[in-house]
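1. Requesting a structural model of the entry that follows:
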Amino acid sequence: MSEKYKEIEEKFSEVAKLQVELNNKLVPDWETANLDWKSAIIAEAGEFIESTGYKWWKKTEPDWENLKVEAIDLLHFLISMFLENNEFIRNQPTLDEKIEIFAKEMTQAFFKVDASVRKIIESGDPDFIEDPLFHKNEIKSYLRRFLIKVLKDDCLGALSLLVWVYYHLGMDEEGVYQAYGVKNLLNIYRSERGYKAGGYTKEVDGVEDNVAIANILKQLSISEKEKVFSEMDKLGYGQKDKQGL
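-> Predicted coordinates for the structure are as follows:
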């Protein structure tokens with residue numbers, strides 16, 4: 001096993017652990033609560049499709065940056081479904097064991113995509129690299145197949161297809177890791193500022209909270225949680241009661 005492989009696997013193990021922490025904060029008994037992960041994934045997929053600019057009856061363009069955000073949202077729910085679902089793993093593993101299985105499967109999926117892409121590039125197909133329309137169509141194709149796998153409870157199959165979506169969005173394993181960290185931090189902020197209970201300010205002066213926190217993180221690191229949250233509060237996001245709104 002290469003050093004790069006181990007490093008990537010450790011990062012995706014961290015991602016899964018962060019998802020568990022968030023789930024525990026939102027729904028302490030999430031593993032046994034029969035939460036509707038499939039509907040959540042379908043809803044997020046709808047938002048994803050909305051950003052592809054698919055509407056031929058009016059002028060629309062793909063929103064590539066928001067597609068990346070929505071693709072990371074899909075990962076949040078897929079990880080949760082993966083960790084809750086025991087059907088694809090024998091011997092009823094513990095949560096920690098499932099986290100490690102997820103990390104290995106995610107890492108292997110990225111390595112398989114890399115190998116496939118190298119072969120295609122070597123074949124001399126210029127569209128695969130240079131044509132935005134090609135990537136947009138491929139993204140939609142992989143998303144549809146991803147949803148079919150989700151509906152069939154095939155988490156492993158869904159995972160490998162989601163990695164292809166990331167490839168066509170220009171996101172490698174490091175890009176996914178970093179983007180997940182940003183959205184996870186935003187989800188924690190939302191949970192601590194009353195998002196679930198209502199009364200949360202998601203948009204200020206036309207700027208949504210996900211854009212605002214990404215801008216703040218250009219100056220601060222993900223580890224500086226309280227500073228990031230303080231900056232978000234100053235901008236007017238979060239719970240209305242705390243801001244006197």
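2. Residue ranges in the chain under the pLDDT threshold?
-> Residues of the chain meeting the criterion pLDDT under 70: 1, 86-91, 120-133, 240-245.
3. Pop the domain breakdown of it in here.
-> The chain breaks down into these domains under automatic domain parsing: 3-171, 193-245.
4. Figure out which of the ones you listed is closest to L186.
-> Closest of these to L186 is domain 193-245, at 4.9 Å (criterion: C-beta to C-beta). C-betas here are computed from N, CA, C, even on glycine.
5. sorry, back to before: which one of the domains of the chain lies nearest to K183?
-> Nearest to K183, of all those, is domain 3-171, at 5.0 Å by C-beta to C-beta.
6. Just the endpoints, please. Distance across that closest one?
-> By C-alpha to C-alpha, to the nearest Å, the extent of domain 3-171 from end to end equals 21 Å.
7. Can you get me the centre-to-centre distance for that domain and its chain?
-> 7 Å (C-alpha atoms, centre = their mean, to the nearest Å).
8. cool, and stretch 213-231?
-> Using C-alpha atoms, centre = their mean, the offset of stretch 213-231 from its chain centre is 19 Å.
9. Buried residues in the longest helix along the chain, which are they?
-> Longest helix in the chain, counting residues (DSSP state H): helix 95-122. Neighbour counts using 16 or more other C-beta atoms under 10 Å place 98-99, 101-103, 105-111, 113 of helix 95-122 among the buried residues.
10. next one: stretch 5-25
-> Using 16+ other C-beta under 10 Å as the test for burial, stretch 5-25 gives 8-9, 11-13, 15-16, 18-20, 22-23.
11. Inside strands: which ones of those?
-> Counting by DSSP state E, no part of these is found in strands.
12. Closest to T201 out of the residues you listed?
-> Closest to T201, out of all of the buried residues of stretch 5-25 and judged by C-beta to C-beta, is L22, at 20.4 Å.
13. Nearest spatial neighbour of that closest one, chain-adjacent residues omitted?
-> Spatial nearest neighbour of L22, excluding adjacent residues (C-beta to C-beta, 6 or more residues apart in numbering): N187 at 5.6 Å.
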